[in-house]
Every structure is written in C-alpha cells, then in structure tokens.
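Visitor: Sequence first, then the predicted structure, then my questions.
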Amino acid sequence: MTGGGSGIGRCTAHELADLGANVAIIGRKQERLDNVTAEIRDDGGTAASFNCDIRDEERVKEVVAEVVERFGGIHGLVNNAGGQYKSPLEEISTKGFEAVVRNNLTGGFIFMREVFNGYMKEHGGSIVNIIADIWHGWPGFAHSGAARGGMLTLSESAAGEWAEYGIRVNALAPGSIASSGLDTYPEHQRSYIRNSVIPRQPLRRFGTESEISAGIVFLLSPAAAFVTGTCLRIDGAAPNGRRWVLNGSNNNEAYNGFHRAQRPKILEGTD
Ligand SMILES: CCCCCCCCCCC/C=C/C(=O)SCCNC(=O)CCNC(=O)[C@H](O)C(C)(C)COP(=O)(O)OP(=O)(O)OC[C@H]1O[C@@H](n2cnc3c(N)ncnc32)[C@H](O)[C@@H]1OP(=O)(O)O
Ligand SMILES: NC(=O)C1=CN([C@@H]2O[C@H](COP(=O)(O)OP(=O)(O)OC[C@H]3O[C@@H](n4cnc5c(N)ncnc54)[C@H](OP(=O)(O)O)[C@@H]3O)[C@@H](O)[C@H]2O)C=CC1
C-alpha cells in the first residue's frame, strides 16, 4: 500500500488488515507510517512500515525485496501515493510538471514493474492504481490530469500484457473525497470545492475514504476475478472537466461556442 500513512491509504490498510491481509505501509514520513502500523497491530492485525519515495528506483527495489522476505510474497499492490498542486496550465514550470508526473505516473510504473519482476510474474496477483476524475480533462491540475491519464492507459496495457501471468491490473478514480489529503489544500481552495464544486455534482456531497477503500478491496479480491483492464469510478457521477455544464452555466460563451445574440432557440431559458 503506497501512501499508506494517511487518508485513503491508511483507511484501506486498516480494512485490508481487518480482512486478514499482512499489510506493508509505504511512504516517506516515518512517523505516519509507524502510527498506522501501530494502530493495525493494536487492532490485532499484521503490518510493517517501509520508508520509501516511490520515485527512488533503487529504494523501491529494496522495499519490494524486503516485503517479499518479510511476508513471503506480494499478492496485491495498491499504487495510491500521489498528489499535486493547483496551477493555471500556462504557469506550470517544466520542473513542476515533471515533479508531478514523476509522483503520479513514473513512481507507480516503477512499483508495478518491480513487483512484477520481484514476485507476481511467478505467482500472479492484483494491482490497483489510484488515479483521479480526469475525464474531459482536469482543469486547474493539468499536469496531474496528464499523469493520471497516463496511469490509466498504463494500467490497461499492463492488464493486457500480464494477464497470462495471472495478474489483474485496474485503475480506480476517486472523485472529491473528504480525506486528510484534501485537508492539506489551502482554505480558499477547500472552500471553493465545498461551496462551488460539490453542490453542482449529482450526489452533492464529498465521498468518504471508506467508500474508496471498499472499491480497492473489491478490485484486489477474488470477487473481481474477471475484472481487469478497467477503471472503477467512485465519484458520485462528478466529471470535473465538465463541471461548467453541470453547473448549467450556458452563458459561458466560450463553452457554448455561441455569442448570446446568436444562440439557437433550443437554448432559450437554459441560463
Ligand atoms: C481548487 C479548485 C479545484 C476544483 C476542482 C476539483 C476538485 C478537486 C478535488 C481534489 C482532489 C485531489 C485530492 C488529492 O490529490 S489529495 C492529496 C493531497 N496531497 C497532495 O496533493 C500533495 C501535493 N504535493 C506533492 O505531492 C509534492 O509536493 C509535488 C509532487 C507537487 C512536488 O514534490 P517534489 O518534492 O518533487 O518537488 P518540489 O517540492 O521540489 O517542487 C518541484 C517543482 O514543482 C513546482 N511546485 C511544487 N509545489 C508547488 C506549488 N505548491 N505551487 C507551485 N509550484 C509548485 C515548482 O516548480 C517546484 O520547483 P521550485 O521549488 O524550484 O520552484
Ligand atoms: N482526496 C481526494 O479527493 C482525491 C485523492 N486522489 C488521490 O488519491 C491518493 C490518496 O489521496 P489522499 O489519501 O486523499 O491524500 P494523502 O495526501 O493523505 O495521501 C497521499 C499519500 O501519498 C504519500 N506520498 C506522496 N508522494 C509520495 C512519494 N513520492 N513516495 C511515497 N509516498 C508518497 C503521502 O505520504 P508521505 O508524504 O509521508 O510520503 C501520503 O500518505 C493520492 O494519489 C491522491 O492524489 C485522487 C482523487 C481525489
């Protein structure tokens, strides 16, 4: 479980441990890893923490070997670590773009490859790659949208190539989830999401960490034995890239492609 020290990763680690899995908690901040490991052990489960930046190829190789040594194998991999910052596309520096791509695509690729070579090629398994609501783009987070889109097709490609090894690979795309991760966003961005994004989404609420972990557990489990190469969207039917449409803002001339004076009658009364 990468990114297991907080938020969705922590919640999923607990759920997997409750179901009897031995859980490897992977991330950079040792204290958080140790806390989650201790929580799981206090509850009677089995967990161990592994300090690792998913972008550090050599460290990922070591961690995969250590987990196999400690637990005897790796039957499921959850590529959950990730994150990004909000920025207009034209202001993203090349360095910033590459940092976000490394954190949300390259790191996950390295982990998948090492787990395949280090264990799953011989024994099979299930991989779940956490992406985001990137359908029709992710305005405000273009670097991360590009990386997550890459992760989606990487998952599909891996599902095709690794099926013969008994490995299933799926993506899971959370919508806006009330998590400790979202809590790290600045207040003005959180209030924008709370007051202007969520009310325009069909279910009109944030998802919860446990609603995401339920999906991850399903994809890892034998219940999903015939599910591979797909993406489970858990987002309350909330496409970020089209939030202006859901918003009913038909006076957005750039979107409609019509100046108000030229609008067809069919659009009258839809502002
Ligand atoms: C707000 C309205 C939106 C509406 C829409 C929709 C609803 C959205 C719902 C949100 C859903 C998503 C939630 C989550 O993902 S929860 C996870 C929360 N956690 C994070 O997001 C963590 C974010 N941070 C990181 O992961 C890393 O800091 C990052 C990968 C971004 C960079 O790490 P790294 O250590 O590699 O890089 P540096 O810090 O050295 O930075 C490298 C360069 O990147 C640029 N940069 C980095 N941070 C910022 C920033 N905050 N602002 C601008 N630029 C940034 C910068 O160029 C850095 O280079 P320099 O420092 O040399 O300038
Ligand atoms: N919450 C939401 O609304 C949504 C979240 N997501 C994605 O879901 C995933 C989980 O998010 P959430 O739980 O909300 O947020 P968190 O910020 O709580 O979780 C992200 C975790 O990833 C770890 N992490 C980040 N970068 C690295 C790295 N380079 N190497 C190792 N670990 C890393 C962080 O720990 P540490 O810093 O200690 O390494 C942290 O524990 C993320 O990929 C996020 O972008 C997607 C869509 C919506």
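Guide: Structure received. Ligands and ions are numbered 1, 2, ... in the order given.
Visitor: Now residue 57: closest residue in space, sequence neighbours ignored.
Guide: residue 110 (5.4 Å; Cβ to Cβ, 6 or more residues apart in numbering). No exception for glycine: its C-beta is placed from N, CA and C like everyone else's.
Visitor: how about low-confidence regions in the stretch 151-271 of the chain?
Guide: 242-271 (pLDDT under 70).
Visitor: what about the strand of greatest length in the chain, distance to the chain center?
Guide: Taking DSSP state E as the criterion, the chain has its longest strand at strand 167-174. Chain-centre distance of strand 167-174: 9 Å, with Cα atoms, centre = their mean, to the nearest Å.
Visitor: what lines up beside that strand in the sheet?
Guide: Taking DSSP bridges as the criterion, strand 167-174 sits next to strand 125-130 (parallel), strand 231-234 (parallel) in its sheet.
Visitor: Near the residue in the stretch 51-200 of the chain positioned nearest to ligand 1, how many other residues are there?
Guide: With Cβ to the nearest ligand atom as the measure, residue 83 is the residue of the stretch 51-200 of the chain nearest to ligand 1, at 2.4 Å. Using other Cβ atoms under 10 Å, residue 83 is surrounded by 13 other residues.
Visitor: for residue 230, same thing?
Guide: 17.
Visitor: which one is it nearest to, not counting chain neighbours?
Guide: residue 170 (5.6 Å).
Visitor: re earlier: can you lay out the strands paired with strand 167-174 as a markdown table showing distance to residue 33 and mean neighbour count?
Guide: Below are these laid out as a markdown table (distance: least, Cβ to Cβ, whole Å; neighbours: other Cβ atoms under 10 Å):
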| stretch | distance to residue 33 | mean neighbour count |
| --- | --- | --- |
| strand 125-130 | 18 | 25 |
| strand 231-234 | 25 | 18 |
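Visitor: Let's have those in CSV, adding distance to residue 65.
Guide: Formatted as CSV, the strands paired with strand 167-174 follow (distance: least, Cβ to Cβ, whole Å):
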stretch, distance to residue 65
strand 125-130, 16
strand 231-234, 30
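Visitor: Give the full set of residues in contact with residue 212.
Guide: 8, 11-12, 130, 172, 174, 177, 234 (Cβ atoms under 8 Å, 6 or more residues apart in numbering).
Visitor: Of these, just say which sits nearest to residue 141.
Guide: residue 174 (13.4 Å; Cβ to Cβ).
Visitor: who's the closest one bridged to?
Guide: Applying DSSP bridges, one finds that residue 174 bridges with residue 234.
Visitor: any idea how far it lies from ligand 2?
Guide: 4 Å (Cβ to the nearest ligand atom, to the nearest Å).
Visitor: and the gap between that residue and residue 49?
Guide: According to Cβ to Cβ, to the nearest Å, residue 174 and residue 49 sit 24 Å apart.
Visitor: Find the residue closest to residue 73 in space, skipping its chain neighbours.
Guide: Using Cβ to Cβ, 6+ apart, the nearest residue to residue 73 is residue 119, at 5.6 Å.
Visitor: ditto for residue 61
Guide: Going by Cβ to Cβ, 6+ apart, residue 61 has residue 114 as its nearest residue, at 5.5 Å.
Visitor: Count the residues that sit near the one you found.
Guide: 20.
Visitor: What residues does the stretch 1-150 of the chain have near ligand 2?
Guide: Within the stretch 1-150 of the chain, the positions adjacent to ligand 2 are 2-3, 5-9, 27-29, 32, 53-55, 80-83, 103, 107, 130, 132 by Cβ under 6 Å from any ligand atom.
Visitor: in the stretch 1-150 of the chain, what spans have low per-residue confidence?
Guide: Looking at the stretch 1-150 of the chain by pLDDT under 70, you get an empty list.
Visitor: Where does the residue nearest to residue 61 fall, secondary structure wise?
Guide: helix 107-115 (DSSP states H and E).
Visitor: Return the distance of that helix from the chain's centre.
Guide: Mean-position distance between helix 107-115 and its chain equals 15 Å (Cα atoms, centre = their mean).
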